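# Fold the following, please.
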Amino acid sequence: MNLYIFNQTRRGSVFGVGTYIHELVAALKDHDINVCVVNLISEKPQIQTVRIEGIEYRYFPLAISDQRTINDQEQWDLYYRNIVYLLRLHIKDKRNLIFHLNFFESGKLAEELKNMFDCQVVAVSHFFDWGFTIYDNPERLRRILKQKHPDELEKKLQTMFKVEKSYYSKVDHIICMTRYMKDVLCEDYGIDMAKISVIPNGLCDVYDMPADVMSLRKKWNMSVKEKIIFFAGRIDEIKGVVYLIRAFRKVLNTNKDCRLIIAGSGDYDKCFLECEDIYSKITFTGLLGKQDLHELYQMADIGVVPSLFEPFGYVAVEMMMHRLPIVTTVTSGLNEVVDDTCGIKIPLVVLPDSVEIDTFLLSEKILWLLEHPVEAGQMGENARKRYLCYYSSKLFCDNMLCMYKSMWV
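As a prediction, the model looks like this:
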């Protein structure tokens, strides 16, 4: 089998999609399958090919704009066509070819690949683009799609939806990481359920047990007495960080011996406005390397994932891996990843034109875990078991290999 996994240099490749591709390549590298990662829109100055630990990586920089072509879409179509032409020159073994796409804007790429090769094209539904705008509110999406005279925002969302739907119609198979994503694809995009597989992503187990929490807290200059509430992810409105800060202020009214650690990069300005009077109780770390991040997971007492829309939830899985009890929102795919044995979930407040979080309820659930350490500890143990049962790298690998092989039966 010859597998070509497509990546792009963009925000998603640093966060969720990048994590997915990294874990997929790591899981497949020791199996009897030829894997090549094709990096599009590369920042490399020229086309390059390197081989690392048996995996081939190809880099294709963005083409220089042709001013004679005034249509931006035509530029992208030409770029994808040229990528496929170059791949045709370089791919020697054309048996059992599978092209694995990860970005919904790649509809033209899927089309060109199907025209050029005897192949199977599989796409992963990592997210819905409309989710970044209206969050977990599919009912609002359905109203917008029916609008005969849309405003500017509605027109933009209609266009997004049309592009995504066209993309999924051009591929042979679709992978969803949660049933939520599959249900939306079937109900709203009209995709045949037989064309979809639900395969949760798996993460390599990096949990180090037992952790010397005292030494770690000393290293990070954290008080031994403080209870650490931990958030990791982009500092972005969709991640609900502002609601978390508001809830944390209410937690401090009851328990002063707490610290909120926010790990990640993004838009800090709104956060700073929210925590003006509690700066000393909140630590912003910025974007961390994996080792530092895992140390903070081991130090923390509670993990919080207050997302307004989360198709899967890598951070929640990492928290489960590290035995952290979790407080999370009942949103999209995240609701499936975290169950009631390992976390406390709060419903989103879904209004006709917005999605919000009840900060009183969020603070209440955080306080409950702080005040019930025995129950919180049991939730942490259950979280670890759930990770091993559903989200291990081995299970992910087995499921992916089974799906790939089924495409050439």
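# Am I right that residue 211 falls within a strand?
No - using DSSP: H, G, I helix; E, B strand; the rest coil, the assignment for residue 211 is coil, not a strand.
# In contact with it: list those residues for me.
Residue 211 sits next to 298, 299 when contact means CB atoms under 8 Å, 6 or more residues apart in numbering. (Each C-beta comes from the backbone N, C-alpha and C, glycine too.)
# for the one 4 residues further on, same thing?
For residue 215, no residue counts as a contact, taking CB under 8 Å, 6+ apart as the criterion.
# That one sits in which helix or strand?
helix 213-219 (DSSP states H and E).
# got any ranges where the stretch 301-409 of the chain has weak pLDDT?
409 (pLDDT under 70).
# Apply 80 and report the result again.
408-409 (pLDDT under 80).
# quick one: the strands in it?
302-305, 326-330, 343-347, 349-351, 354-356 (DSSP state E, counting those that start in this stretch).
# where's residue 243 relative to residue 231, distance?
11 Å (CB to CB, to the nearest Å).
# who touches both of the two?
With CB under 8 Å, 6+ apart as the test, residue 243 and residue 231 both reach residue 306.
# Show me what the longest strand seen in the chain is in contact with.
Secondary structure of the chain per DSSP state E: the longest strand is strand 34-42. For strand 34-42, contacts defined as CB under 8 Å, 6+ apart pick out 1-10, 21, 25, 28-29, 48, 54-62, 83, 87, 93.
# Show me which of those residues are buried.
Buried by 16 or more other CB atoms under 10 Å: 1-9, 21, 25, 28, 55, 57-61, 83, 87, out of those.
# just to revisit the earlier point, gap between the helix or strand following the longest strand of the chain and the chain center?
Per DSSP H and E, strand 34-42 leads on to strand 48-52 as the next helix or strand towards the C-terminus. Computed by CA atoms, centre = their mean, to the nearest Å, the chain-centroid distance of strand 48-52 equals 26 Å.
# same thing with stretch 8-27?
Put simply, stretch 8-27 sits 9 Å off its chain's centre (CA atoms, centre = their mean).
# What average pLDDT does it get?
Stretch 8-27 shows a mean pLDDT of 79 in the predicted model.
# Please report how far the nearest residue in space to residue 310 that is not next to it in sequence lies from residue 264.
Leaving aside its sequence neighbours, residue 310 sits nearest to residue 334 (CB to CB, 6 or more residues apart in numbering; 3.9 Å). Separation of residue 334 from residue 264 (CB to CB): 16 Å.
# before we move on, the earlier item: sitting in helices, which of the contacts of strand 34-42 do you find?
21, 25, 28, 83, 87 (DSSP state H).
# which one of these is nearest residue 388?
Using CB to CB, residue 28 comes nearest to residue 388 of the ones in helices among the contacts of strand 34-42, at 20.2 Å.
# Now that closest one. Nearest residue, chain neighbours left out?
Leaving aside its chain neighbours, residue 28 sits nearest to residue 35 (5.5 Å; criterion: CB to CB, 6+ apart).
# Could you pull out the helices in the stretch 251-400 of the chain for me?
269-274, 290-299, 314-321, 334-337, 359-371, 373-390, 393-406 (DSSP state H, counting those that start in this stretch).
# Make JSON lines out of those and add distance to residue 170.
Below are the helices of the stretch 251-400 of the chain laid out as JSON lines (distance: least, CB to CB, whole Å):
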{"stretch": "helix 269-274", "distance to residue 170": "39"}
{"stretch": "helix 290-299", "distance to residue 170": "35"}
{"stretch": "helix 314-321", "distance to residue 170": "27"}
{"stretch": "helix 334-337", "distance to residue 170": "27"}
{"stretch": "helix 359-371", "distance to residue 170": "41"}
{"stretch": "helix 373-390", "distance to residue 170": "31"}
{"stretch": "helix 393-406", "distance to residue 170": "18"}
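# Among the ones you listed, which comes closest to residue 200?
helix 373-390 (6.1 Å).
# circling back: so which of the strands of the stretch 301-409 of the chain is the most surrounded?
Highest mean neighbour count among those (mean count of other CB atoms under 10 Å): strand 302-305, with a mean of 28.
# Check what contacts that strand and list those residues.
With CB under 8 Å, 6+ apart, strand 302-305 has contacts from 227-233, 244, 297, 313, 315-316, 319, 324-329, 334, 338, 362, 366, 369-370, 376.
# partners of that strand, with directions?
In the sheet, strand 302-305 lines up against strand 227-232 (parallel), strand 326-330 (parallel) (DSSP bridges).
# Show me the one of these that comes nearest residue 276.
strand 227-232 (18.5 Å).
# quick one: the closest one to helix 314-321, angle?
Going by axes from the mean of the first three to the mean of the last three CA atoms, to 10 degrees, strand 227-232 is angled at 140 degrees with respect to helix 314-321.
# No further queries at this time; thank you.
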